[in-house]
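# Following is a predicted model, sequence given first.
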Amino acid sequence: MREPDRRSPEATVAALVASRADASGADRSEQGGSPAVGADRADPLSTEMEPGETRTGVWQALRLAHDRVARRLAIDLDRACGLALNEFDVLWHLHACPAGRARVGSLSEVVSLSQPALSRLVTRLEGRGLVSRSGASDDRRARVVLLTTTGTALVERATETYARAVHETLVAIGSDEDHATLLRTLARIGT
């Protein structure tokens, strides 16, 4: 049995990137260049690895990729639109809903916040004039959040920023085939 991989998540991702860059699988030192990162170890995604090591490497790569994209989105949305990522997610969800409205409870499916934190977020958005709240017509106990005209304009501008950041950090680095494979894999995880 092999010893577990004790590299940091960043080193694991660097090794993954290096192994993908060298598609032939040959050590760069054999070609007269410097050795690839992690060349002294097997490919982190190799089927020769112990099953737990492969899964851990994949999870670390996925987590770090998500963190990288989320950090970029947070920075770009704040600079361009004054929005936090959770705020954008709520506005984008409302924008996609019929008539730009949704029950408060459905927003908890969009952002990973507790009910009190989600309520504070909606209050902040309402204070900025981006959303309004009202009672649901079919249930007196339920509250509906409605995207305002100002909120619609901001989310449309923010969507351009969001799309550009995702493209530059994620989409531009792979082929259409890579993207299709990733989407199929992630869809299986999500079901």
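Looks like it arrived, so ask away. Just so you know, these numbers come straight off a predicted model, no measurement behind them.
# from here on, contacts and neighbour counts on C-alpha atoms
OK.
# chain center to the biggest helix by length in the chain, what's the gap?
Ordering each helix of the chain by length in residues (DSSP state H) puts helix 51-81 first. Chain-centre distance of helix 51-81: 6 Å, with CA atoms, centre = their mean, to the nearest Å.
# Give me the buried positions along it.
Going by neighbour count (16 or more other CA atoms under 10 Å), the buried part of helix 51-81 is 53-54, 56-58, 60-61, 69-70, 72-74, 76-77.
# just those now: which is nearest residue 157?
Within the buried residues of helix 51-81, the smallest distance to residue 157 is 9.7 Å, found for residue 77 (CA to CA).
# Going along the chain, name the helices of this structure.
Using DSSP H, helices in the chain cover 9-21, 51-81, 85-96, 104-107, 115-127, 149-169, 176-190.
# partner strands of the longest strand along the chain, parallel or antiparallel?
Ranked by residue count under DSSP state E, the longest strand found in the chain is strand 139-147. Strand pairing for strand 139-147, using DSSP bridges, gives strand 101-103 (antiparallel), strand 131-136 (antiparallel).
# Other residues contacting the shortest one?
Yep, that's strand 101-103 we're talking about. 94, 95, 136, 142, 143, 144, 145, 146, 147 (CA atoms under 8 Å, 6 or more residues apart in numbering).
# average pLDDT for stretch 84-102?
The pLDDT scores in stretch 84-102 average 93.
# In space, what's closest to residue 126 - neighbours in sequence excluded?
residue 132 (5.5 Å; CA to CA, 6 or more residues apart in numbering).
# Can you pull up the most central residue in the protein?
residue 66 (4.4 Å; CA atoms, centre = their mean).
# pLDDT at it, what is it?
88.
# The chain should start at 21 in everything you say after this.
All right, first residue 21 from here; so that's residue 86.
# Next up, the contacts around it.
Contacts of residue 86 (CA under 8 Å, 6+ apart): none.
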